[in-house]
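[1] below are the sequence and a predicted model; questions follow.
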Amino acid sequence: MLKGRNTFEIVFLVGFVAGSVVRNAYMARCKGVKLEKQCSNVLDFILVSTAGVGMIVPLLYLFTPWLDFAKYNLPGWSGWVGIVAFAGAIFMLWRSHADLGRNWSAKLRITGQHSLVTNGVYRYIRHPMYTSHTLWAIAQGLLLSNWLAGWAFLVLSLPLYIVRIPKEERMMLEHFGEEYRQYMSRTGRLVPRVWK
């Protein structure tokens with residue numbers, strides 16, 4: 001089924017599997033964590049699901065001919081930049097899960113033993129998991145020379161980030177108060193703050 005696929009498409013598939021392994025390993029570790037407060041709603045579910053579709057579309061491209069009509073040519077350098085971006089995405093995904101530990105949840109919620117994590121990658125960025133997903137989305141576009149498969153994740157995840165990040169920050173402010181406000185003042189949302 002992958003016959004005729006180029007190196008960059010194979011790299012994408014390997015990265016997809018690696019990212020899935022990281023996410024599923026941490027999902028399993030967080031099962032059974034006591035819920036204190038949930039802030040997810042139907043809109044949140046729709047936005048997360050829509051972004052997820054953007055991660056699945058490439059599999060249709062790689063394993064079926066259905067999206068071949070949307071192929072185009074990318075310059076040779078783009079795949080190499082895509083590899084670097086994807087490596088950064090997988091590292092950031094793993095590191096942000098590891099730093100959060102049992103505080104992580106796919107849904108917007110506060111757990112019974114929730115603590116404010118400000119170490120590791122969270123020392124510099126408040127939402128490194130979203131940074132990881134953004135890097136993944138850019139890498140996907142640079143590795144897959146297909147308008148639909150390449151850019152679906154970036155396009156379909158933007159509404160999620162626009163809605164969810166402010167909502168998540170309000171939830172953290174309500175729960176942690178001044179401690180989170182001070183944390184916000186010294187960190188960037190998606191990239192490290194270079195000025196104070």
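    Noted; the coordinates are in hand.

[2] okay, CA-based contacts and neighbour counts for the rest of this
    OK.

[3] ok, and the helix or strand in the chain with the lowest average confidence?
    Using mean pLDDT, DSSP states H and E, the weakest-scoring helix or strand in the chain turns out to be strand 35-38, at a mean of 60.

[4] C-terminal to that one, what's the next element?
    helix 42-63 (DSSP states H and E).

[5] which residues does that following helix contact?
    1-2, 5, 9, 66-68, 144, 148-157, 159-160, 164 (C-alpha atoms under 8 Å, 6 or more residues apart in numbering).

[6] mind checking which of these land in helices?
    9, 148-157, 159-160, 164 (DSSP state H).

[7] just the buried members of those?
    In the ones in helices among the contacts of helix 42-63, burial by neighbour count holds for 9, 148-154, 156-157, 160, 164, counting by 16 or more other C-alpha atoms under 10 Å.

[8] pLDDT (mean, whole number) over the host helix or strand of residue 22?
    Residue 22 is part of helix 7-29, with elements assigned from DSSP H and E. Mean pLDDT, computed over helix 7-29, is 92.

[9] just want the angle from the helix or strand hosting residue 140 to helix 7-29.
    Applying DSSP H and E as the criterion places residue 140 in helix 128-143. Calculated by axes from the mean of the first three to the mean of the last three C-alpha atoms, to 10 degrees, helix 128-143 forms an angle of 160 degrees with helix 7-29.

[10] pull out the buried positions in helix 128-143.
    So helix 128-143, judged by 16+ other C-alpha under 10 Å, has buried residues 128-143.

[11] excluding chain neighbours, what is closest to the residue nearest in space to the middle of the chain?
    Taking C-alpha atoms, centre = their mean, the centroid of the chain lies closest to residue 133, which sits 2.5 Å from it. Of all residues not flanking residue 133 in the chain, residue 89 sits nearest, at 6.6 Å (C-alpha to C-alpha, 6 or more residues apart in numbering).

[12] and what of residue 152?
    residue 54 is the one closest to residue 152 (C-alpha to C-alpha, 6+ apart), at 4.5 Å.

[13] and what of residue 74?
    residue 145 (5.9 Å).

[14] please apply the same query to residue 150.
    residue 141 is the one closest to residue 150 (C-alpha to C-alpha, 6+ apart), at 3.9 Å.
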